[in-house]
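Asker: Curious how this folds, go ahead:
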Amino acid sequence: MTRTEYDVVALGELLIDFTAQGAGADGYPLMAAHPGGAPANFLAAIARLGGRTALLSKVGADAFGTMLTGTLGEVGVDTRGVVVAEDAFTTLAFVTLDAHGERSFSFARKPGADTQLRFEELDLSLIEKTKAFHFGTLSLTDEPARGATQRAVAFAKGRGKLITFDPNLRPPLWRSPDDAREQMLWGLGQADVVKLSDNEVGFLFGTQLVFVTCGADGCEFASLRAQGHVDGLKGLTVTDTTGAGDIFGGCAVWRLLQSGKAPAALDEAELRGIAEFACRVAGRSTEKSGGISAITEMPDEVFMG
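Answerer: Numbering: from 1, shown residues only. Now for the predicted structure:
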């Protein structure tokens, strides 16, 4: 039997989020660069909680790629599975915020290095040595990353790994809504645990446990045994919601793994405790800018209890 070395290994995008930080004298937004990407934010949350994590991804041989791998290493995410591309730039996302911290996205990804990840480049030993395997839909938008993701999921399922999935709908990155829906439904059909936002609920079917994040309103949770609602934190000074859903997902999956139970075996009180913890950490993360940056800067007491 292969020895388990990781709690969660994820596959997917590692990118820079440029977030608006006010406006310059000319009225145009000033943008700050934050390390990000949904799977990276997810793993950073688990690493912050003491989990052992690793990422399978691809970045460019550029300053941003170096920044990203360095940042992940600093927060405790194993980067040996991150490939460096000589022929594509690191993906960039530009995030503009409204008065409530809600986001709209545009991307420099034509192609981005993350879309060029090939199955032959994956360090499959990382998947062999993990308890859970996590993926999202941004690695399903383009080939060759789509095929690499699908084969990696099959590899993980064939070895009995817990499969977690984040649909993470980003319409500008898809060729069509039908293509997005097809791949999201495929991902949902592979997963044991899914984290959804309220605009993704219509794609749900056949999972053991579902968390639906509802922004400031908290989250809904449902399994084969129980369902309920947890309120979001009140009185927050929201700066940036980037990465909050990923951090929620990472914290929820970490608590699930700590329970030692299958998702379907958790009762209502156990699910509520997981959801309350994840909502608390995710909520507090919105008071900082960025995803990984917010996790790094939060005080230890946020993670207690």
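
Asker: how deep is Trp174 tucked in, by neighbour count?
Answerer: Residue neighbour count, defined by other C-beta atoms under 10 Å, stands at 20 for Trp174. Using the backbone N, CA and C atoms, a C-beta is placed for each residue, glycine as well.

Asker: likewise Tyr28?
Answerer: When counting by other C-beta under 10 Å, one arrives at 9 neighbours for Tyr28.

Asker: dump the residue contacts of Thr242.
Answerer: With contacts defined as C-beta atoms under 8 Å, 6 or more residues apart in numbering, the neighbours of Thr242 are Asp17, Thr19, His34, Gly36, Val95, Arg103, Ser289, Gly290, Gly291.

Asker: between these, which has the most around it?
Answerer: In these, the most neighbours by other C-beta under 10 Å go to Gly291, 30 neighbours.

Asker: isn't it right up against Arg48?
Answerer: No: when contacts are counted by C-beta atoms under 8 Å, Gly291 is not listed as touching Arg48 (11.3 Å).

Asker: now the helices for this protein?
Answerer: Along the chain, the segments classed as helices by DSSP state H run 38-48, 63-75, 124-128, 145-158, 177-190, 244-259, 268-285, 292-297.

Asker: looking at those, which is closest to Pro111?
Answerer: helix 145-158 (9.1 Å; C-beta to C-beta).

Asker: who are the neighbours of the closest one, in terms of helices and strands?
Answerer: Secondary structure elements in contact with helix 145-158, counted by 3 or more C-beta pairs under 8 Å, 6 or more residues apart in numbering; DSSP states H and E, are strand 6-11, helix 124-128, strand 130-136, strand 162-166, helix 177-190.

Asker: Now for Gly218: which residues touch it?
Answerer: His229, Val230, Asp231, Gly232, Ala275, Cys279.

Asker: Distance of it relative to Phe155?
Answerer: Using C-beta to C-beta, to the nearest Å, Gly218 is found at 35 Å from Phe155.

Asker: returning to what we had before: which one of the helices of the chain is the most hemmed in?
Answerer: helix 38-48 (a mean of 30; mean count of other C-beta atoms under 10 Å).

Asker: what residue ranges in the chain score low on pLDDT?
Answerer: Per-residue confidence for the chain (pLDDT under 70) gives these ranges: 1-2, 97, 99, 101-102, 198-207, 305.

Asker: picking that back up, JSON lines for the contacts of Gly218, including distance to Asp78?
Answerer: JSON lines is the format used below for these (distance: C-beta to C-beta, whole Å):
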{"residue": "His229", "distance to Asp78": "36"}
{"residue": "Val230", "distance to Asp78": "31"}
{"residue": "Asp231", "distance to Asp78": "35"}
{"residue": "Gly232", "distance to Asp78": "32"}
{"residue": "Ala275", "distance to Asp78": "28"}
{"residue": "Cys279", "distance to Asp78": "28"}
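
Asker: and which of these is nearest to Gly27?
Answerer: When the contacts of Gly218 are compared for distance to Gly27, the smallest value, 32.8 Å, is given by Gly232; criterion: C-beta to C-beta.
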